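Chemist: Any chance you could fold what I've pasted below:
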Amino acid sequence: MNSPLTILCIASYFKGTDFIKQCKREGCRVLLLTSQSLENENWPRESIDEIFFIPDNNKEWNMKDVIYGVSYLARTEKIDRIVALDDFDVEKAATLREHLRIGGMGDTTARYFRDKLAMRKKALDEGINIPPFVHLLNHNEIKNFIERVEFPYVIKPRMKAGAIGLIKVNSEKEVWEALEKLGDEQSFYLMEKFVEGDVYHSDTIITNGKIIFGSVSKYGLPPMEVAHQGRVFTSKTVPSGSPEAKEILEFNKNVIKILGLVYGVSHTEFIKAKEDGELYFLETSARVGGANLSELVKAATGINLWEEWAKIEKTQGAAYELPPVENKHAAIITSLAKQEWPDLSAYDDPEIVWKLKKKYHAGLIIASENMERIDELLEKYVKRFYEDFFTTQPLTDTPND
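Modeler: Residues are numbered from 1 along each chain as shown. Next comes the predicted model:
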């Protein structure tokens, strides 16, 4: 009798519970490596064979200790898969795969799905349309960039997620002031032309290097504006089969092929520029999107990205069959809330299919076969969220999902 497949899940943040549960349903032995500070989170312990905790200081792990610990574990456990459940864990998982010589994404490919500079350089080399950018390394190159590219710019950390650490600059003086503040951290950042426009995200499933499922959505406001200026966050699915969705999925197909994701899931963002109408690649990842966007995809299509990812990881994409896909319209609304536990009971329309349960956060998802109804409810609920719940606070380096 064959031994069950052993999957080591790495999570420095509390997420991926559906992935863990599906791995257990698939008959796998599930190990979880997570932060000591997350010991009391609601992990699905009935689906986890063993949990190992790493001391964490502000979510930072000492990778030498991680390698020592997992290598010691491997003396008695045959680890078959290593999976990063959060964007911040992609490099950890890749490093462990390389060290233990376990199949899956290694350091080089992981860089393309984690390091904003690496993915941009690769995309540029392969002819993918991206905003002009420069690595904050050589000051002569930075000066040349300033001479040829119009302001404003965005300074971005290479290895952080979402809108964390972004700085908008509007003049050369502000550029050099920002670099002065960064000091020795400059090389860990890039600077690119700020493009105004509509931001889209494509959430996909990949097997054998090909996208076999894709859901396209459009943010109500750019995530950077929501994070840095304080706004209610929204995203709405783009009708499948529409020219808009087809254009983005075709673009996404090229990005995934060029960056080399063979199997798994991906969350990729694009912007359609207001100035020239062109579609530009912003960034991608080898994981399920944050901010509860997987719940949005599930509401519109019936596809649980976490569960399907678990199925794919078990066989590394071989013999995978996508479940039937529904074709509904959906939208998500979330906000920081001034109440510890916001009361959403007054939001009772039948189209509401999910409500967020998180301290100092309010959120819900609506779904319908009628797109006009989604638009109507979205407009109404956003106004009510500002009145009933909305508050704001400075952005920190900790993800908010």
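Chemist: So what's the residue count around P323?
Modeler: By other C-beta atoms under 10 Å, 13 other residues sit near P323. (Glycine included, C-beta is placed from N, CA and C.)
Chemist: One more: E340?
Modeler: Around E340 there are 8 residues (other C-beta under 10 Å).
Chemist: can you give me the strands for the stretch 51-200 of the chain?
Modeler: With strands called from DSSP state E, counting those that start in this stretch, the stretch 51-200 of the chain shows them at 81-84, 133-135, 153-157, 167-169, 189-193, 197-207.
Chemist: List the residues that contact E247.
Modeler: Residues in contact with E247 (C-beta atoms under 8 Å, 6 or more residues apart in numbering) are L279.
Chemist: Flag every buried residue along the helix or strand it falls within.
Modeler: For E247, the host element (DSSP states H and E) is helix 243-259. Across helix 243-259, burial judged by 16 or more other C-beta atoms under 10 Å covers E244, A245, E247, I248, L249, F251, N252, K253, V255, I256, I258, L259.
Chemist: cool, stretch 63-81 as well?
Modeler: Across stretch 63-81, burial judged by 16+ other C-beta under 10 Å covers V66, G69, V70, L73, A74, I79, D80, R81.
Chemist: Tell me if I'm right that the last one and I102 touch.
Modeler: To tie it back to what came earlier, the one meant is R81. Yes: with contact defined as C-beta atoms under 8 Å, R81 and I102 form a contacting pair (7.2 Å).
Chemist: got any ranges where this protein has weak pLDDT?
Modeler: Scanning the chain for pLDDT under 70 picks out 1, 58-59, 161-164, 227-228, 394-401.
Chemist: go with 90
Modeler: For the chain, the stretches with pLDDT under 90 are 1-3, 55-62, 87-88, 103-104, 108, 159-166, 221-231, 315-319, 392-401.
Chemist: how's it carved up into domains?
Modeler: Residue ranges of the domains in the chain are recorded as 6-104, 132-193, 197-388, according to automatic domain parsing.
Chemist: Off-centre distance for the last one?
Modeler: Taking C-alpha atoms, centre = their mean, to the nearest Å, one finds the center of domain 197-388 at 10 Å from the center of the full chain.
Chemist: what does the first one give?
Modeler: Centroid displacement of domain 6-104 relative to its chain, using C-alpha atoms, centre = their mean, is 18 Å.
Chemist: Please identify which of the domains of the chain is closest to A118.
Modeler: domain 132-193 (7.8 Å; C-beta to C-beta).
Chemist: returning to what we had before: in helices, which of the buried residues of stretch 63-81 fall?
Modeler: Taking DSSP state H, the ones among the buried residues of stretch 63-81 that sit in helices are V66, G69, V70, L73.
Chemist: could you dump the strands of the stretch 51-200 of the chain to a markdown table with distance to N144?
Modeler: What follows is the strands of the stretch 51-200 of the chain, written out as a markdown table (distance: least, C-beta to C-beta, whole Å):
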| stretch | distance to N144 |
| --- | --- |
| strand 81-84 | 37 |
| strand 133-135 | 8 |
| strand 153-157 | 14 |
| strand 167-169 | 16 |
| strand 189-193 | 12 |
| strand 197-207 | 25 |
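Chemist: center of the chain - which residue?
Modeler: The chain has G289 as the residue nearest its centroid, 3.4 Å off, counting by C-alpha atoms, centre = their mean.
Chemist: Do I have it right that V216 meets T237?
Modeler: Yes: between V216 and T237 there is a contact under C-beta under 8 Å: 7.1 Å.
Chemist: mind listing the strands for the stretch 251-400 of the chain?
Modeler: All strands of the stretch 251-400 of the chain, identified by DSSP E, counting those that start in this stretch, fall at 264-273, 279-283, 329-336, 352-355, 361-368.
Chemist: Looking at those, which one is packed in the most?
Modeler: Each of the strands of the stretch 251-400 of the chain was scored by mean neighbour count; the highest is strand 329-336, a mean of 24, by mean count of other C-beta atoms under 10 Å.
Chemist: Pull up the pairing partners for that one, direction included.
Modeler: When pairing is defined by DSSP bridges, strand 329-336 lines up against strand 233-237 (antiparallel), strand 361-368 (antiparallel).
Chemist: what's the shortest one in contact with?
Modeler: Where contact means C-beta under 8 Å, 6+ apart, the residues beyond strand 233-237 that reach it are 201, 215-221, 223, 226, 291, 293, 296, 300, 328-335, 374-375, 378, 382.
Chemist: Drop anything exposed from those.
Modeler: 201, 215-221, 223, 226, 291, 293, 296, 300, 328-335, 374, 378, 382.
Chemist: Tally up the residues packed near E387, please.
Modeler: Here the number of neighbours of E387 (other C-beta under 10 Å) works out to 7.
Chemist: Would you mind measuring from it to I82?
Modeler: E387 sits 46 Å away from I82, going by C-beta to C-beta, to the nearest Å.
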